[in-house]
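Asks: Just a sequence and a predicted model for now, questions to come.
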Amino acid sequence: MTEVYVDLGLDAEPISEDTPTHRLIPWTLERFADQRVVMTSSFGMEGCALIDMYARVDKPLTVVYLDTMFFFPETYDLRDRMVERYPHLKFVNRGTTLTPEEQVSLYGNELWKKNPDLCCKLRKVDPMRAVMAEADVWITAIRRSQSVARAHIRVIEWDWRNHVLKLCPLANWERADVWEYIKKHNVPYNDLHEQGYPTVGCTHCTQPVPGSSPADYSRAGRWQDIEKTECGLHGGAGI
């Protein structure tokens with residue numbers, strides 16, 4: 001894997017799907033300096049690696065996360081560690097204001113079991129739409145090999161649903177590449193990855209995957225026993 005942040009010059013070649021990540025990241029902040037740029041993160045391993053990469057450019061950047069109010073304690077701890085490590089980045093919670101108690105009152109107990117797509121819509125998709133309404137450029141850490149729904153994402157593409165330019169600098173990466181970067185640069189990551197959780201979402205919709213290590217990626221631990229692999233932020237949730 002090519003080392004990140006070798007300075008090749010912003011005008012060396014046109015940006016394309018084949019542009020290496022170490023060149024795409026500084027280009028992003030230069031090219032869209034006058035635009036409303038936002039990075040979103042759920043503090044997954046990929047997101048933490050990408051935050052670190054952008055932080056090394058040492059330019060202002062807003063990182064938005066959606067607190068669903070159902071985060072694991074380890075996720076809140078990781079958020080605090082990331083905020084402390086990158087003081088020049090602005091971390092902003094734009095999660096739902098709908099409390100778990102209000103959700104129960106409106107939709108009954110354990111909505112995530114009865115209608116998981118609606119639960120994701122209320123706690124993730126709708127808040128994200130509000131974020132996207134105030135953005136021109138969306139940076140996200142999703143990768144093609146994460147799921148079937150993400151298999152055809154491009155490094156740079158127009159997101160018609162949100163009407164923003166969507167940048168996926170890690171689209172071509174594999175989980176092993178991400179883990180290598182995390183270790184090499186001592187980037188904070190969720191302690192649950194060491195406990196068999198390849199991905200970490202809400203407490204009631206995330207289970208460990210037996211035999212999983214931090215270098216492994218699988219969505220098998222998400223929404224077990226139902227045909228659902230995406231929350232809907234990047235498609236695939238049915239809402």
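Replies: Received, thanks.

Asks: all helices of the chain, in order?
Replies: Counting by DSSP state H, the chain has these helices, from start to end: 21-31, 45-55, 73-85, 100-107, 111-114, 116-120, 126-132, 175-185.

Asks: gap between the nearest residue to N162 once chain neighbours are set aside and T40?
Replies: Among residues not flanking N162 along the chain, M132 sits closest, at 3.8 Å (CB to CB, 6 or more residues apart in numbering). For every residue, glycine as well, the C-beta is placed using N, CA and C. The gap separating M132 from T40 is 9 Å, by CB to CB, to the nearest Å.

Asks: any shared contact partners between the two?
Replies: Residues within reach of M132 and of T40 at once, by CB atoms under 8 Å, 6 or more residues apart in numbering, are W138.

Asks: Leaving out sequence neighbours, find the closest residue to the residue nearest the centre of the chain.
Replies: Nearest to the centroid of the C-alpha atoms of the chain, with distances taken as CA atoms, centre = their mean, sits S41, at 3.6 Å. Nearest residue to S41, sequence neighbours excluded (CB to CB, 6+ apart): G47, at 3.6 Å.

Asks: Repeat that for P26.
Replies: The nearest residue in space to P26 (CB to CB, 6+ apart) is V57, at 5.1 Å.

Asks: Return the distance of the one you found relative to D67.
Replies: Distance from V57 to D67, by CB to CB: 26 Å.

Asks: Next: T140.
Replies: Distance from T140 to D67, by CB to CB: 17 Å.

Asks: of the two, who's got more company?
Replies: Counted by other CB atoms under 10 Å, T140 and D67 do not tie: T140 has more neighbours, with 23 against 16.

Asks: wait, isn't the more buried one in contact with V37?
Replies: No: contact criterion CB atoms under 8 Å: T140 and V37 do not qualify, at 11.8 Å.

Asks: And for P214, the neighbour number?
Replies: P214 has 20 nearby residues by other CB under 10 Å.

Asks: ok, now the one 4 residues further on?
Replies: By the other CB under 10 Å criterion, the neighbourhood of S218 contains 15 residues.

Asks: now do Y76
Replies: Count around Y76 with other CB under 10 Å applied: 12.

Asks: What of T203?
Replies: Neighbour number of T203 under other CB under 10 Å is 14.

Asks: Could you do the one 10 residues further on as well?
Replies: The burial count assigned to S213 is 12, neighbours taken as other CB under 10 Å.

Asks: now P169
Replies: 28.

Asks: How about I156?
Replies: 17.

Asks: My read is that it contacts D18, right?
Replies: No: using CB under 8 Å, I156 is not in contact with D18, being 11.3 Å away.

Asks: ok so, going back, among the helices of the chain, which is the most enclosed?
Replies: helix 45-55 (a mean of 23; mean count of other CB atoms under 10 Å).

Asks: Which elements pack onto that helix?
Replies: Helix 45-55 sits against helix 21-31, strand 37-40, helix 73-85, helix 175-185, with contacts defined as 3 or more CB pairs under 8 Å, 6 or more residues apart in numbering; DSSP states H and E.

Asks: Any chance you could list what contacts the longest one?
Replies: Put plainly, it is helix 73-85. With CB under 8 Å, 6+ apart, helix 73-85 has contacts from 43, 48, 51, 65, 91, 188-192, 200.

Asks: and with 10 Å instead?
Replies: 41-44, 47-48, 51-52, 55, 63, 65, 67-68, 71-72, 89-91, 93, 186-195, 197, 200-203, 206 (CB atoms under 10 Å, 6 or more residues apart in numbering).

Asks: Identify the residues contacting the residue of the chain most remote from its centre.
Replies: For the chain, the largest distance from the centre (CA atoms, centre = their mean) belongs to S105, which lies 29.9 Å off. Taking CB under 10 Å, 6+ apart, we find S105 in contact with T99.
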